[in-house]
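A.B. asks: predicted model and sequence follow; I will ask about them next.
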Amino acid sequence: MSGFSAEGLAKVSEVLEGYVDRGEVAGAVALLYRHGELAHVDAVGWRDRSAQLPMERDTLFRIASMTKPITAVAALSLVDEGLIGLHDPIDGWLPELADRKVMRDIDGSPDDVVPADRPITLEDLLTYRLGLGWGRSSLAPQLFALTADPIASAIGVANAEQLDPDQWLRKVGELPLIAQPGTLWRYHTASDILGILISRVTGQPLETVLQERVLTPLGMTDTGFVVPEAKRDRLSVLYGPDFTELDRPATTAWGQQPLFVSGGAGLVSTADDYARFARMLLGGGELDGVRVLSAELVAALGTDYLTPEQHATPPFNPPLGQTIWADQGFGYGVKIQTEPGTGVPSVGTLSWPGGLGTAWYADPEKDLVALLLVQSANIIIAAEWRSPLGDDFLTTVYTALED
């Protein structure tokens with residue numbers, strides 16, 4: 001009924017176990033849903049390699065940038081409610097970003113500027129085209145140093161500033177834009193700004209808004225910005241190269257409320273929880289009779305907004321993402337498969353990975369949700385955009401399909 005072959009699913013398990021057996025990752029959890037039904041679960045290797053504690057289906061993972069689509073959906077729920085429009089300027093809520101100046105040369109002096117053609121809008125934030133963010137520019141070091149806790153401490157960002165959201169936004173507001181709003185895709189910064197915007201529009205902390213509008217309605221009971229002590233033993237160790245331990249459950253940076261709740265990278269979750277989020281998107285904004293977002297805005301979320309020029313412009317210096325947009329586009333906080341490419345995933349598939357080793361895919365053509373959760377910062381530290389494990393997993397999953 002799932003449309004997978006038994007032999008194909010066995011091969012998925014074999015691939016994951018091989019990565020553990022070869023010592024390439026400590027462990028992994030994988031989960032597949034097909035036609036709304038659970039089709040396959042794998043929990044292989046160790047959540048704590050030195051203590052020989054096995055991975056479990058309910059192991060908690062730092063999902064890093066997989067936070068971004070959840071923040072985007074929360075923002076879109078405000079659009080559904082009429083609290084803000086997609087094309088509304090954000091100046092009224094975020095005066096720190098009003099009256100922007102724009103650098104004449106992306107690699108040039110931050111003092112050589114011209115006025116912005118127009119204000120930044122909500123859609124600019126959702127599509128990462130506000131004119132500021134991680135990637136190639138002379139401002140890249142300053143922006144990376146503004147990485148919010150606890151991500152910065154976990155991945156060892158040098159000289160990261162410890163700021164609350166208002167302090168952080170004032171710092172961002174001191175920088176010029178590197179491009180006119182709407183003209184250039186750059187990573188990450190937009191989602192942290194979006195989290196602050198959500199908080200100011202609603203008058204509530206971001207974590208409260210996400211809980212009320214996304215997590216609780218979807219039954220995502222293990223997802224949050226803090227790992228309570230009672231759940232701490234379910235948290236995987238975060239590993240770096242050669243299994244260096246970057247963050248342990250007993251002393252985790254996710255053990256207490258962060259100074260800056262990051263809408264771009266701060267959440268911890270499980271495979272089952274995030275599968276519910278992905279299934280909601282496949283369901284046009286609804287899961288198990290609970291509507292989180294209108295079908296119209298889910299369709300808008302899954303639309304590619306990148307222009308041909310933006311598709312052709314690598315956002316990062318080598319070796320990161322030189323051809324990231326060759327067969328992919330970007331909607332509202334999610335990546336969209338726009339061309340058949342190698343054949344997997346299908347055109348229209350929504351996804352976005354987390355830099356600590358997590359990934360998800362929601363394929364409407366195949367009615368498939370696939371998740372692969374690992375805890376390894378090697379992707380960031382080794383400056384690789386995607387690990388071979390992710391590619392091998394995805395290829396094996398699609399090969400296992402029978403319909």
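C.D. replies: Structure received.
A.B. asks: didn't residue 135 look like it was pressed against residue 315?
C.D. replies: Yes: here residue 135 reaches residue 315: they are 4.1 Å apart, a contact under C-beta atoms under 8 Å. For the C-beta atoms, the positions are set from N, CA and C on the backbone; glycine is no exception.
A.B. asks: those two: which has the busier surroundings?
C.D. replies: More neighbours surround residue 135 than the other of residue 135 and residue 315, with 25 against 21 (other C-beta atoms under 10 Å).
A.B. asks: what residues are up against residue 57?
C.D. replies: Going by C-beta atoms under 8 Å, 6 or more residues apart in numbering, residue 57 touches 29, 31, 41, 43, 270, 271, 272.
A.B. asks: the bottom helix or strand of the chain by mean pLDDT?
C.D. replies: helix 378-381 (a mean of 49; mean pLDDT, DSSP states H and E).
A.B. asks: so who does residue 222 touch?
C.D. replies: 58, 60, 231, 268, 269, 270, 272, 273.
A.B. asks: in helices, which of those fall?
C.D. replies: Using DSSP state H, the subset of those located in helices is 272, 273.
A.B. asks: may I have the phi/psi pair for the residue lying closest to residue 80 once chain neighbours are set aside?
C.D. replies: Excluding its sequence neighbours, the residue lying closest to residue 80 (C-beta to C-beta, 6 or more residues apart in numbering) is residue 294, at 5.1 Å. The phi/psi pair for residue 294 (degrees, to the nearest 10) reads phi -70, psi 150.
A.B. asks: show the model's pLDDT score for residue 294.
C.D. replies: You'll see residue 294 listed with a pLDDT of 98.
A.B. asks: is it in contact with residue 286, as I believe?
C.D. replies: No: with contact defined as C-beta under 8 Å, residue 294 does not reach residue 286; the gap is 9.5 Å.
A.B. asks: quick revisit: based on its surroundings, how many neighbours for the residue nearest to residue 80?
C.D. replies: 16.
A.B. asks: let me see the mean pLDDT of the longest strand seen in the chain.
C.D. replies: As assigned by DSSP state E, the longest strand anywhere in the chain is strand 37-48. Average pLDDT, strand 37-48: 98.
A.B. asks: so what strands line up beside that strand?
C.D. replies: Note on strand 37-48: by DSSP bridges, its sheet partners are strand 27-34 (antiparallel), strand 53-54 (antiparallel).
A.B. asks: out of the ones you listed, which one sits most buried?
C.D. replies: strand 27-34 (a mean of 24; mean count of other C-beta atoms under 10 Å).
A.B. asks: give me the number of residues near residue 282?
C.D. replies: Neighbourhood size, residue 282 [other C-beta under 10 Å]: 22.
A.B. asks: do the same with residue 46
C.D. replies: Neighbours around residue 46, by other C-beta under 10 Å: 21.
A.B. asks: contact partners for it?
C.D. replies: Residues in contact with residue 46 (C-beta under 8 Å, 6+ apart) are 20, 26, 27, 52, 53, 54, 55.
A.B. asks: who does it form a beta bridge with?
C.D. replies: As for beta bridges, residue 46 partners with residue 54 under DSSP bridges.
A.B. asks: can you tell me how far residue 209 is from residue 50?
C.D. replies: 38 Å (C-beta to C-beta, to the nearest Å).
A.B. asks: scratch that, residue 234 is what I was asking about
C.D. replies: Distance from residue 234 to residue 50, counting by C-beta to C-beta: 17 Å.
A.B. asks: hmm, who's touching stretch 16-25?
C.D. replies: In contact with stretch 16-25 (C-beta under 8 Å, 6+ apart) are residues 26-28, 30, 42, 44-46, 239, 357, 374, 376, 389, 392-393.
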